Structure formats: C-alpha cells, structure tokens
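Visitor: sequence first, predicted coordinates after that:
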Amino acid sequence: MEESNMYEMKRTVNCSQIGSHGIIRNSCLVDLLQDCSVIHLDTHPVMSPVFVEENCVMFLVSRQLDIVCRPEQNEKLTVKTWTYEL
C-alpha cells in the first residue's frame, strides 16, 4: 500500500466517549473512523485537488471497521483509513 493512500490519527479516549461498561461506545468508534476518513480525503494529494477542480464529491460505497480492542478512558488509540484502488 502506498503511503499516500493511508491516513492515521492518534487520539486519547475521553470520558464522554465511555459507555456503561467502562469502554468506548460503538458510536464513538464510528465517529472516530468518520473523522479520520474525512480528514484523509480532504488532505489526499491526488483526490483533494480533483474534487476542487472538477467541483465533485465522492460517495462512500462501503466501510469496514475492525475493532482490535475496546479502549477504556484515557487510553491512547490509533485510527487508520486508506483508499482502495485509486
């Protein structure tokens, strides 16, 4: 995978993201993935200029969320996203 096709962000789990069992809520995991995806597309070296020049947008066809572990409050986590077949 080319480095430009991947985007990664690091975050710390905050108390507002924690559910009743003391771990991050599923909705917060999806929010983190959404944030990562949007930042990635906005900063992508190939796609971002095309969107502006052509006055177009991209529709998300599918998304896969691989939960490796369920972090607790104050844990650090890494969220990654990448484009496929550009």
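Guide: Nice, thanks for sending it over.

Visitor: contacts and neighbour counts: CA atoms only from here.
Guide: Will do.

Visitor: where does pLDDT dip in the chain?
Guide: For the chain, residues meeting the criterion pLDDT under 70 lie at 1-4, 84-86.

Visitor: helix or strand right after the lengthiest helix in it?
Guide: The residue-count maximum for a helix in the chain (DSSP state H) belongs to helix 26-43. Using DSSP states H and E, the helix or strand that follows helix 26-43 towards the C-terminus is helix 47-54.

Visitor: name the helices or strands packed onto that next one?
Guide: Here helix 47-54 touches helix 26-43, going by 3 or more C-alpha pairs under 8 Å, 6 or more residues apart in numbering; DSSP states H and E.

Visitor: what residues of the helix it packs on count as buried?
Guide: By neighbour count on 16 or more other C-alpha atoms under 10 Å, the buried set for helix 26-43 is 29, 32, 33, 36, 37, 40, 41.

Visitor: rewinding a little: what angle do the longest helix of the chain and helix 47-54 make?
Guide: 70 degrees (axes from the mean of the first three to the mean of the last three C-alpha atoms, to 10 degrees).

Visitor: residue 13 is in contact with residue 75, correct?
Guide: Yes - judged on C-alpha atoms under 8 Å, residue 75 makes contact with residue 13 at a distance of 5.6 Å.

Visitor: who's more crowded, those two?
Guide: Between residue 75 and residue 13, counted using other C-alpha atoms under 10 Å, residue 13 has the larger neighbour count: 18 against 13.
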